[in-house]
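Engineer: Attaching a predicted model along with its sequence, questions to come.
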Amino acid sequence: MTKGSADENAHTRQQWTRRVWCRSRSYGVGHNEILLEQALRGRREGVIIATKFGNMRTLVGEHTGVNGNPEYVRAAAHMSLKRLNVETIDLYYQHRVDPNTPIEETVAAMAELVNEGKVRFLGLSEASSATIRRAHAVHPITALQTEYSLWSRDPEDDLLATCRELNIAFVAYSPLGRGVLTGQIQSTEGLAADDFRRMMPRMQGDALAQNMGRVNELEALAAQKGVTTAQLALAWVLHQGDYIIPIPGTRREKYLLDNVGALDIDLTADDLASLDALMPRDGIAGSRYPAPLMNRVNL
């Protein structure tokens, strides 16, 4: 079967809904891949491994830029394979688009890894529709990972339609709005001093107050349906299309089980209309990243 064919892509998306392990060198400067290797010893069969390259960091985690240079693509893949102790990465993402390297060159290097059997499928993250189309013309793109939730609905402008047209899975990261849509964060006061969310414009001052009003209404709606706020938010994402895969993160088993419960929630047309009215596309105050980081998305 041809790598990245429509049938194989669809089968892979079905597998992801059952089991996905996703890490990146950017997370923990490679330490998370080492941790994953330990967890997967003797369990490689049936596990989908996704990892990323592109975000450059120092050994202490400071961001130093984005690199999509073909030589770096290969070097990063080899380092990930070594840390993961596997022969093949199932899904290899470009973490952010490099504005200084044509996407065609980056994807051509990624495609070489597919031809060599070191990678099975290719993905992009936070790429624009135009970039996705250019990349897809070089080699089929299987997945796009971009932030999407009731809290961040920008992909509805054109990204979702592009993915649907090209048979690309849309992997929605932060589907719980950085934890805000769980209803358990009412302010930044309880967050650690170095918590990234303290920097987010939509979690500061008047913007936070306005947004929390909407979240409180979301909590009330969830209570009416007899589900948790997180489950309702995840169910909404799941109802946006069968090609959309939310990837909520948690450190606790109780929340993992709570998230899985969203699969059993059936939202009616009236439910979806109520949620659209509560969290309209332009209804959240403040951008999702500070300006310098917003310049790195949708490229």
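Structural biologist: Arrived safely. Numbers count the residues shown, from 1 in each chain.

Engineer: so what pLDDT did L256 get?
Structural biologist: Here, the pLDDT recorded for L256 equals 92.

Engineer: just checking, it touches T250?
Structural biologist: Yes - counting by C-beta atoms under 8 Å, L256 touches T250, with 5.4 Å between them. Where C-beta positions appear, they are placed from N, C-alpha and C, glycine not excepted.

Engineer: Now for D270, how many residues are close by?
Structural biologist: Neighbours of D270 under the rule other C-beta atoms under 10 Å: 8.

Engineer: Name the secondary structure element that contains it.
Structural biologist: D270 belongs to helix 269-278 when elements are defined using DSSP states H and E.

Engineer: which secondary structure elements does the top helix by length along the chain contact?
Structural biologist: Looking across the chain with DSSP state H, the single longest helix is helix 205-225. For helix 205-225, the helices and strands in contact under the criterion 3 or more C-beta pairs under 8 Å, 6 or more residues apart in numbering; DSSP states H and E are helix 229-238, helix 269-278.

Engineer: Then K52 would be within a strand, right?
Structural biologist: Yes - according to DSSP: H, G, I helix; E, B strand; the rest coil, K52 belongs to a strand.

Engineer: Test my guess that it contacts Y93.
Structural biologist: Yes - with contacts counted by C-beta under 8 Å, K52 reaches Y93, the gap being 4.1 Å.

Engineer: Look at those two and report which has more neighbours.
Structural biologist: Y93 (27 against 24).

Engineer: Spit out the contact partners of the more buried one.
Structural biologist: Counting by C-beta atoms under 8 Å, 6 or more residues apart in numbering, Y93 touches S24, A50, T51, K52, F53, G54, L122, G123, L124, S125, A143, Q145.

Engineer: Tabulate those residues in CSV, adding columns for distance to Y173 and pLDDT.
Structural biologist: Output for those, formatted as CSV (distance: C-beta to C-beta, whole Å; pLDDT from 0 to 100):
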residue, distance to Y173, pLDDT
S24, 11, 54
A50, 11, 93
T51, 14, 94
K52, 11, 94
F53, 16, 94
G54, 15, 89
L122, 17, 98
G123, 12, 98
L124, 13, 98
S125, 8, 97
A143, 11, 98
Q145, 6, 97
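
Engineer: how far does whatever helix or strand A109 lives in sit from the chain's center?
Structural biologist: Following DSSP H and E, one finds A109 within helix 103-115. Mean-position distance between helix 103-115 and its chain equals 21 Å (C-alpha atoms, centre = their mean, to the nearest Å).

Engineer: what does that helix contact?
Structural biologist: Helix 103-115 is contacted by residues 3-4, 68-71, 73-74, 77, 92, 94, 97-98, 119-122, 127, 131, 134-135, 137-139, 141 when judged by C-beta under 8 Å, 6+ apart.

Engineer: Counting only strands, which of those residues make the cut?
Structural biologist: Y92, Q94, V119, R120, F121, L122 (DSSP state E).

Engineer: Max pairwise distance over those residues: which two?
Structural biologist: Q94 and R120 (15.4 Å; C-beta to C-beta).

Engineer: Pick out whichever of those two has more residues nearby.
Structural biologist: Neighbour tally, Q94 and R120, criterion other C-beta under 10 Å: the higher count belongs to Q94, 31 against 19.

Engineer: got a list of what that one touches?
Structural biologist: Residues in contact with Q94 (C-beta under 8 Å, 6+ apart) are K52, F53, G54, G68, T106, V107, M110, G123, L124, S125, A127.

Engineer: can you list the weak-confidence ranges in this structure?
Structural biologist: Applying pLDDT under 70 to the chain picks out residues 1-29, 57-63.

Engineer: which residues sit in contact with the one residue sitting closest to the centre of the chain?
Structural biologist: Geometric centre of the chain, nearest residue: Y173, 2.9 Å, by C-alpha atoms, centre = their mean. Residues counted as contacts of Y173 (C-beta under 8 Å, 6+ apart) are Q145, T146, E147, Y148, I247.

Engineer: how about a cut-off of 6 Å?
Structural biologist: Counting by C-beta atoms under 6 Å, 6 or more residues apart in numbering, Y173 makes contact with Q145, E147, I247.

Engineer: Quick check: bridge partners of the closest residue to the last one other than its chain neighbours?
Structural biologist: Translated: I247. Excluding its sequence neighbours, the residue lying closest to I247 (C-beta to C-beta, 6 or more residues apart in numbering) is Y173, at 5.5 Å. Assessed by DSSP bridges, Y173 has beta-bridge partners E147, I247.
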